[in-house]
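A.B. asks: I would like to see how this sequence folds:
(one chain, ligands or ions: 2)
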Amino acid sequence: MADEKDRKTLEERNQMSDLERLRHSCAHVLATAISRIWPDAQFAAGPPVEGGFYYDVDLEHRISPADFDQIEAEMKKVVKENAPFERMVVSRDEAMVMAKSGRLASVADREVESIFKVDLLNDIPEDEEISIYKNGDFWDLCAGPHVGRTGNCKAHKLMSVASAFYKGDKDRQSLQRIYGTCFKNRTLLDEHLECLEEAKKRDHRRLGKEMGLFTFDESVGQGLPLWKPRGGIIRRELQDFITEELDKQGYFQVFTPHIGKLDLYRTSGHFPYYEDSQFPPVVERDALKKLADEGTPCSELLNKISIGEIEGFLLKPMNCPHHIKIFDSEHRSYRDLPVRLAEFGTVYRWEQSGELGGLTRVRSFTQDDAHLFCTPDQVGDEIQGCLGLVKKVLGTLGITEYGVRLSLRDPDSDKYVGDPEDWDKAEAALREAIQTLGVEYTEELGEAAFYGPKIDFVVKDVIGRDWQLGTVQVDYNLPKRFDLSYIGSDNAPHRPVMIHRAPFGSLERFVGLLIEHFEGKFPTWLAPEQVRVLPISEKFTTEAKALVKALADVGARVAIDNTGDKIGAKIRLARMDRVPYLAVIGAKEVEEHSVSVRQRDQGDLGSIPMNDFISKISQDITTRSL
Ligand SMILES: [Zn+2]
Ligand SMILES: [Zn+2]
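C.D. replies: Ligands and ions are numbered 1, 2, ... in the order given. Take a look at the predicted model:
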């Protein structure tokens, strides 16, 4: 594919899966159809992507989904013609002649040249073979590989159209990116479309709004989530649950400010190296005023901050340095270790605005963060503890399908800090800990950071999508940069090992995952509203209120629907709100001292004695049952 932003190497192209080949071939089918309908179309890149393919096109006509029927009808013809994809190797000059005569990514010669293909041709390294792929009249500059014939691309569908800059460069031309997908057969395509439909139904951005869980406000800022009361409940329940487990494991909770001095991050290495992904520094008023009086230009100001001539503060991009300073605030002996400091710490990252959306990519998020300071010998046990926590939390949430990735060092490289023997021990300990989990895991050689091996978690949700969660990272570097030490049993100072662990990543992302996983139907213990009491008419308000109070007394979140609506309407509304339990009270129930119970997922549970119902709810909550 000469038509990609980052050119693939020959080896990568040979490794293209059958599905990727098929999808890339379908991109050619799409381009064939478009150039038959709009011969002026200029094509740029058309690679396979996750879930399908796209082709970028420059065209005066604004393509919209309303055009898809016409384009797909033409694609159908191209498929039916069943032309072979023929590869033709040409010289650079020959290719240039074709591109200049508008013949590439087109069904005929044109008056204008194939502008993007001319440019892409110039990007091909001197020593690389240049090939043209032809299917019928459509010729394209392309390295391939392709499937045999256009007839293979039968099960396709156009999905959407968006705008994209040529070569992903915002200073270049804006193009129309047409997304499509293609599968080996109709059944697989239909399954995929159903899955997308399901994903749409579960989209946490939509459900979050509908259920009043969180909101974003332009005047607060893009990517800065505001948790509303109902979302706040879910977040707090999760935090409480995780905290309980951390307490059992001997962690101590700490609280630290949201900013820190630039010098702190110079020591840690977070500044200025990761400047681009951080909010700009906050500079003290006096320093700013002095510079303004001196007439210092902005560019100079930034430079002075970078080289440390002006001090300032940074919104914290990481919690580690603050926790390090807590560890370092006391003399530590080997008897004190491990020291486990946990914080639901909010951090700030400058994500590009184009990448923001919902809770999965935000500019301020709260990590389930903790830092463990231990001896090299304790690394294994500490990792084991971290994994135990993950297993417990995910298991309680009914998430049983997850995988683990273990990143190890490249044994042939010398870029790593720390003692090789410690690395060996840590890597073996990590592997051993993972094996006790009984889940799938992969080992990636050479993927470890220079400062230590790590573990990543990937969760599969109910509809089979992967969600990247957090990490457990061993670190030999920061203890050195901050010159941390403890006194060993030999009475000499030793360097502790640090473990960063935020296994669930951020609470924002994790709640986003849970919303989609449960489709908003949270288990009772997490549900913002757990029971809704529905009196059949106003006559039963007193009894209904008594039940509300009794439930609230056992710690349930309970509401009453006191409106004059018919009971059927009340039930429908409560179902829309995804309330796990509905308790209906009428004459019969009052007389029998019972409630008619409807469970969100199990349906009508019939009449249950009042006290039994109350203890059932209480039990559901305290045991965090699903
Ligand atoms: Zn191609
Ligand atoms: Zn950290």
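A.B. asks: give the contact list for Gly488.
C.D. replies: Contacts for Gly488 (C-beta atoms under 8 Å, 6 or more residues apart in numbering) come out as Tyr334, Thr375, His494. All C-beta spots, glycine's among them, are computed from the backbone N, C-alpha and C.
A.B. asks: which among the residues you listed gets closest to ligand 1?
C.D. replies: Thr375 (56.1 Å; C-beta to the ion).
A.B. asks: buried residues in stretch 457-470?
C.D. replies: Residues of stretch 457-470 classed as buried: Phe457, Val458, Val459, Lys460, Asp461, Trp467, Leu469, Gly470 (neighbour count, 16 or more other C-beta atoms under 10 Å).
A.B. asks: okay, the residues you listed in a markdown table with distance to ligand 1 next?
C.D. replies: Shown next, in a markdown table, are those (distance: C-beta to the ion, whole Å):
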| residue | distance to ligand 1 |
| --- | --- |
| Phe457 | 36 |
| Val458 | 31 |
| Val459 | 35 |
| Lys460 | 32 |
| Asp461 | 33 |
| Trp467 | 32 |
| Leu469 | 36 |
| Gly470 | 38 |
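A.B. asks: out of the residues you listed, flag the one nearest to ligand 2.
C.D. replies: Gly470 (10.7 Å).
A.B. asks: so which strand or helix has that closest one?
C.D. replies: Secondary structure from DSSP states H and E places Gly470 in strand 466-475.
A.B. asks: what helices or strands is that strand leaning on?
C.D. replies: Applying 3 or more C-beta pairs under 8 Å, 6 or more residues apart in numbering; DSSP states H and E, one finds that strand 466-475 makes contact with helix 379-396, helix 420-437, strand 454-460, strand 497-502, helix 507-518.
A.B. asks: mind doing that once more with 7 Å?
C.D. replies: With contacts defined as 3 or more C-beta pairs under 7 Å, 6 or more residues apart in numbering; DSSP states H and E, the packing partners of strand 466-475 are helix 379-396, strand 454-460, strand 497-502.
A.B. asks: residues of the chain that sit close to ligand 2?
C.D. replies: Cys320, His500 (C-beta under 5 Å from the ion).
A.B. asks: how does the chain divide up, domain by domain?
C.D. replies: 10-195, 226-258+316-518, 531-622 (automatic domain parsing).
A.B. asks: residues near Arg572, how many?
C.D. replies: 12 (other C-beta atoms under 10 Å).
A.B. asks: measure it to Gly606 for me?
C.D. replies: 20 Å (C-beta to C-beta, to the nearest Å).
A.B. asks: just to revisit the earlier point, give the buried residues for whatever helix or strand comes next after the strand holding Gly470.
C.D. replies: Of the helices and strands lying after strand 466-475 in sequence (DSSP H and E), the nearest is helix 478-481. For helix 478-481, the neighbour count (16+ other C-beta under 10 Å) marks Leu478, Pro479, Arg481 as buried.
A.B. asks: which helices and strands does helix 478-481 pack with?
C.D. replies: Against helix 478-481 (3+ C-beta pairs under 7 Å, 6+ apart) you get helix 262-268, strand 497-502.
A.B. asks: most tightly packed of these?
C.D. replies: Of the helices and strands packed on helix 478-481, the one with the most neighbours on average (mean count of other C-beta atoms under 10 Å) is strand 497-502, at a mean of 25.
A.B. asks: doesn't Leu484 belong to a strand?
C.D. replies: No - with DSSP: H, G, I helix; E, B strand; the rest coil as the criterion, Leu484 is assigned coil and is not in a strand.
A.B. asks: quick one: the closest residue to Tyr441 other than its chain neighbours and ligand 1, what's the gap?
C.D. replies: Spatial nearest neighbour of Tyr441, excluding adjacent residues (C-beta to C-beta, 6 or more residues apart in numbering): Val404 at 4.1 Å. Val404 sits 37 Å away from ligand 1, taking C-beta to the ion, to the nearest Å as the criterion.
A.B. asks: and Val404, bridged to which residues?
C.D. replies: Tyr441, Phe457 (DSSP bridges).
A.B. asks: these two touch, right, Gly312 and Ile305?
C.D. replies: Yes - Gly312 lies in contact with Ile305 (C-beta atoms under 7 Å); the separation is 5.9 Å.
A.B. asks: common neighbours of these two, please.
C.D. replies: Taking C-beta atoms under 7 Å, 6 or more residues apart in numbering as the contact criterion, the common neighbours of Gly312 and Ile305 are Pro281, Val283.
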